[in-house]
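Q: got a predicted structure plus its sequence, pasted below:
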Amino acid sequence: MKAILLGVMALSGLGLAFGVLLAWVSKKFHVQIDPRIEKVGELLPGVNCGACGFAGCLGYAEALVNKTATLAGCPVSTADTKKQIAQELGVCDVDLHRVTPLAVVACGGGIRAKDKFKYQGLADCRVAVKTMGGPKNCKYACVGQGTCVTVCPVNAISMQADGLPLINPDLCVGCTKCVAVCPSNIIYMLDRKKKVYIKCRSHDKGAQVMKNCKSGCIGCMKCVKECPVKCITIVDNLAVIDHEKCINCKKCVAVCPTKCIAVL
Amino acid sequence: METFKGGQHIDGFKYLSREMAIKIMPLPSQVIIPLSQHTGAVCEPVVKKGDMVKTGTMIGTSDKLISSRIHASISGVVKDIVEYNHPVLGQSKAVIIDSDGKDTLDSSIVKRTKIEELSKEQLLEIIKNAGIVGLGGAAFPAQVKLNPLKPVDTLLINGVECEPYLTCDYRLMLEHTHSILKGIGLMQKIIGVERVVIGIEEDKQEAIKLLRNKCVEKKYDIEIVCLKAKYPQGAEKQLIKAILDREVPSGKLPFDVGVIVSNVGTAFSLFEAVYNAKPLYERVVTVTGKCLKQPSNLKVRIGTRFKELIDFCQGFKEAPGKIIMGGPMMGISQYTDDVPVIKGTSGILILSQKEVDEYTQGADQPCIRCGRCVNICPVGMLPYALSLCVEMDRLDKAAQYNPFDCIECGTCTYVCPAKRQILSGIRLIKAVTR
């Protein structure tokens, strides 16, 4: 009985002593953290895509609070969140009406583009394009190994049965990672207000495109003639839309013989 | 027996073609001569559509330092200069020549006499004009290689031919022994070195014997070293390590340790260029594979289509799966047989569909950390780690594993029990982090 009592007393004594010590240490060595960092971090999208150039959203939040970064750096946050963050920090350095751009795939090839050979190497687009100039006859085409799918931080991209990646506009946060990684340069950023874009990047001559792919731009000029605001031009055998001028009338979509003008 | 650390003995399948004497392939009716067949700047064509050319006429040149001239391999008419299939680059500009069937030699091709009187500069000029490149695989311009920036004390001649299936260098050593030795003599004179060593693997005893006898007979002061049969012994840096026990530091070249390595095929073409004034317009190509009816070693004009070579070997026994330019380890697989032979084509290997399936089925399993790739890596890298970096999409992490030391021999991929495509991954890392 005495031994038990002694043990209980000794342990309680030790516990009390350490408790006091720890309480004192935590007061003495307290690190001041700006509470705003945590708040801003919560407001940021939290996908840690790295598009701002900082180590994740919390790193960016710290930079925002320390005023070493501006709100324009985050392509993902919506105008509303940016407004909230700006209020939190007491700054207004950003165009709050900016809408997140959307990544679009400018290739309609996939199974519609003729194969040069069956690629059996490492499943990575960057390797595939270097293999004998890419597995497709069209050298501008998507090689369909899905590297954009792997790098997307929000799983907005998926490979479809037609051999092309599909970007889900509801999930895309506009971080541009897929644009940077695509070795064929067929993914680009489009303003969300714009509804029409050219789904081809081939500068080959029309006859060559016809041979290589069922849905490539052949430079036939039909869209150029149809456009009421003259925003389409043919540059080097490829139709190019001046998105500044485009009024989303979609007239060009209807006349395109190879259906290479896509509607969002 | 001397060798280097790492590497692996690979079943060579050389029996298919090693006893086949070099046959001269009949003249093709058309040749496609790509303007880029070497390491360095692409040549500009100096002929135009409709021009008459003779065998050995120069058709492409470049004023860049690292480049090599290109010559017509048959006489006839230039049909066109267009983009055409290329066995390495996929597509490249090429001169297409229709043969007139006469094979008239260019007026510059006359046997030279008084070779001893030629100075080093004259010899280098001859080599440059003849468009000689290293025939070991990389096709590096010979006039640049034989004029090193630093003093050199040893010339290594590579008669290793460690790549499985290929036998063209072996046949050359057997059939043109004296010419090769004369070519080596010329190299020796150009570089100005005393010591010459020829490295040959143990499985080519006949070539070793023949070269040794010839050296004694003709009083050449050349060492012939027998090496253990192991892949990749024929890689420059590994050969230097095996024979001279010198290590070429990371990022440096053989002449930094006082060595120049050259192939026996290059020595032979050098002999032809200097003694017979013959530019490099034909070479020996091994056409082999188990599914081929008659594997052979052929002397072929540059620009002959692969298809014609295969037809000359009487076609296939069973369904072909892959056509590879070069050997199975470092070769480049082709998507069509309508590609021309270029200066760097040492062989054409045809694998049957069955053999291909053996390698491709169940490929890319997870790494089990068995360490085989680490054991065999001839440069002492950690191939599995690089492969994992690719799998995890952390290419930024790969730099710490020194990917640029990789000589791309492919032994790691060969030994991997999980059939991971390790080398492809390393190539990707090199391309992305460059």
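A: Good, I have the coordinates.
Q: contacting residues around the residue nearest the centre of chain A?
A: The centre of chain A sits closest to residue A:175, judged by CA atoms, centre = their mean, with a distance of 3.4 Å. Counting by CB atoms under 8 Å, 6 or more residues apart in numbering or on different chains, residue A:175 touches A:47, A:49, A:50, A:51, A:75, A:76, A:153, A:154. All C-beta spots, glycine's among them, are computed from the backbone N, C-alpha and C.
Q: quick check: ChimeraX command selecting the buried ones in those.
A: Those of the contacts of residue A:175 that count as buried under 16 or more other CB atoms under 10 Å in any protein chain shown are selected in ChimeraX with:
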select /A:47,49,51,75,76,153,154
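Q: turn the contacts of residue A:175 into TSV, columns for pLDDT and secondary structure.
A: Output for the contacts of residue A:175, formatted as TSV (pLDDT from 0 to 100; DSSP: H, G, I helix; E, B strand; the rest coil):
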residue	pLDDT	secondary structure
A:47	84	coil
A:49	84	coil
A:50	81	coil
A:51	80	coil
A:75	78	coil
A:76	82	coil
A:153	86	coil
A:154	86	coil
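Q: could you dump the contacts of residue A:175 to JSON lines with distance to residue A:233?
A: Shown next, in JSON lines, are these (distance: CB to CB, whole Å):
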{"residue": "A:47", "distance to residue A:233": "37"}
{"residue": "A:49", "distance to residue A:233": "34"}
{"residue": "A:50", "distance to residue A:233": "36"}
{"residue": "A:51", "distance to residue A:233": "31"}
{"residue": "A:75", "distance to residue A:233": "28"}
{"residue": "A:76", "distance to residue A:233": "32"}
{"residue": "A:153", "distance to residue A:233": "35"}
{"residue": "A:154", "distance to residue A:233": "34"}
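Q: quick check: the residue nearest to the centre of chain A vs residue A:75, distance?
A: 6 Å (CB to CB, to the nearest Å).
Q: identify the contacts common to the two.
A: With CB under 8 Å, 6+ apart as the test, residue A:175 and residue A:75 both reach residue A:51.
Q: chain A contacts on the stretch 201-350 of chain B?
A: Applying CB under 8 Å from any CB of the partner chain, we find that the stretch 201-350 of chain B lies next to chain A at B:332, B:334, B:335, B:336.
Q: quick one: contacts for residue A:203?
A: By CB under 8 Å, 6+ apart, residue A:203 lies in contact with A:140, A:236, A:237, A:238.
Q: residue ranges of the strands in the stretch 151-264 of chain A, please?
A: A:157-159, A:165-167, A:187-190, A:196-198, A:232-235, A:238-241, A:261-263 (DSSP state E, counting those that start in this stretch).
Q: please compute how far the second one lies from its chain's middle.
A: In terms of CA atoms, centre = their mean, to the nearest Å, the centre of strand A:165-167 is found 12 Å from the chain centre.
Q: the last one too?
A: For strand A:261-263, the distance from its own C-alpha centre to the chain's C-alpha centre is 20 Å (CA atoms, centre = their mean).
Q: can you check the first one too?
A: Relative to its chain's centre, strand A:157-159 lies at 13 Å (CA atoms, centre = their mean).
Q: on that earlier part again, which among the contacts of residue A:203 end up buried?
A: The neighbour count (16+ other CB under 10 Å) marks A:140, A:237, A:238 as buried among the contacts of residue A:203.
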